[in-house]
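# What follows is a protein structure lacking sequence information:
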């Protein structure tokens, strides 16, 4: 049995397609298929359900896949520990962040980038459910996500800041409504652009509207905060953003967009999640230590509009 066979298996589970898995592993499709068949022969098990295309894993295959993920993770930990013994950390961290945090993920990565310049990062925009699942399946090393759900049980958790909601209003429009703070009820009839219904941020915003008995007028749904900001600038649309994004947007004088804290406040805690802290791999532990020194709440709150 070779490590590359386990890597092929895990890659196939991720790609769910033989040709794409082969491309990701930089081998031909016949070579990948042959290696997996050889693993099946050695173990005496059928691992992959085969048809004209990839169908999935057998029950035995799912168990083998779990061991393959653990084995590869252990090997990675061993390599990182060897680097640590040489006073240098080398390797790649796989980070998953919810879409509303992606724009400010650099604030979390920056300290580790400075302290450990040889670490590389794969940063992916994922739902909170996908982050937890991929952490469980050893496909991610760290998550940046909401901390207000019981699904964090068993994970190491590091709170970073509490997200607050602000209204962004187009230049020159609705000046009577936007004076540093406004109520949810004042948004009734305002043309809005929001994230799609399937996203957690939107579901929380919908709940806030329901509590205030407001029926929002949503003209645009878009899964990109950058695109929504463009509509605020150029299409006369207002939007609701996490206040952390003020750290990466131009200031109010620079773009003419007015900002207002929404009252009553809508807040959610954001932080890091990782697998059991007692068994953290060296790269994750180094990233964690760097993040512990952050003071993001003070930084983001200082950017809120003055009421």
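Structure's in. What do you need? Quick caveat, the model's predicted, so the values are computed rather than measured. Residues are numbered from 1 along each chain as shown.
# Going along the chain, name the strands of the stretch 1-150 of the chain.
48-50, 54-57, 91-97, 119-125, 142-146 (DSSP state E, counting those that start in this stretch).
# Just send the ones you listed back as TSV, with mean neighbour count too.
For every residue, glycine as well, the C-beta is placed using N, CA and C. Conversion of those to TSV gives the following (neighbours: other Cβ atoms under 10 Å):
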stretch	mean neighbour count
strand 48-50	15
strand 54-57	15
strand 91-97	21
strand 119-125	15
strand 142-146	27
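# quick one: which of these is nearest residue 29?
strand 54-57 (10.9 Å; Cβ to Cβ).
# what packs against the closest one?
strand 48-50 (3 or more Cβ pairs under 8 Å, 6 or more residues apart in numbering; DSSP states H and E).
# So what are the sheet partners of the strand it packs on and their directions?
Strand pairing for strand 48-50, using DSSP bridges, gives strand 54-57 (antiparallel).
# so which of the strands of the stretch 1-150 of the chain gets nearest residue 171?
strand 119-125 (28.6 Å).
# Need the contact partners of that closest one.
89-99, 102, 105, 109, 112-113, 140, 283, 286-287 (Cβ atoms under 8 Å, 6 or more residues apart in numbering).
# Let's have the strands of the stretch 1-150 of the chain in CSV, adding mean pLDDT and distance to residue 21.
Listed next are the strands of the stretch 1-150 of the chain as CSV, based on pLDDT from 0 to 100; distance: least, Cβ to Cβ, whole Å:
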stretch, mean pLDDT, distance to residue 21
strand 48-50, 85, 11
strand 54-57, 85, 8
strand 91-97, 92, 17
strand 119-125, 94, 17
strand 142-146, 94, 24
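# Now render these as TSV, adding distance to residue 131.
Converted to TSV, the strands of the stretch 1-150 of the chain look like this (distance: least, Cβ to Cβ, whole Å):
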stretch	distance to residue 131
strand 48-50	27
strand 54-57	22
strand 91-97	4
strand 119-125	9
strand 142-146	4
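# Which one, of these, ends up nearest to residue 202?
Residue 202 lies closest to strand 142-146 among the strands of the stretch 1-150 of the chain, at 13.2 Å (Cβ to Cβ).
# And that closest one, how far out from the chain middle?
With Cα atoms, centre = their mean, to the nearest Å as the basis, strand 142-146 stands 6 Å off its chain's centre.
# Now do it: which elements does it pack against?
strand 91-97, helix 128-136, strand 267-274, helix 282-292.
# The strand or helix carrying residue 261 - contacts with which helices or strands?
Residue 261 belongs to strand 258-263 when assigned by DSSP states H and E. With contacts taken as 3+ Cβ pairs under 8 Å, 6+ apart, strand 258-263 sits against strand 156-169, strand 180-183.
# just those strands: most buried one?
Comparing the helices and strands packed on strand 258-263 by mean neighbour count (mean count of other Cβ atoms under 10 Å), strand 156-169 comes out on top with a mean of 21.
# pLDDT averaged over that strand - what is it?
In this model, strand 156-169 has a mean pLDDT of 93.
# just stretch 284-301 next, same as before
Averaging pLDDT along stretch 284-301 yields 92.
# Can you give me the end-to-end span of that stretch?
Stretch 284-301 has an end-to-end distance of 28 Å (criterion: Cα to Cα, to the nearest Å).
# can you pull the buried residues of that stretch?
Of all the residues in stretch 284-301, those buried under the rule 16 or more other Cβ atoms under 10 Å are 284-288, 290-291, 294, 296-297, 300.
# now, the most widely separated pair of those?
It's 285 and 300 that sit farthest apart of those, by Cβ to Cβ, at 25.7 Å.
# Sketch out the low-pLDDT regions of the stretch 1-150 of the chain for me.
1, 80-87, 149-150 (pLDDT under 70).
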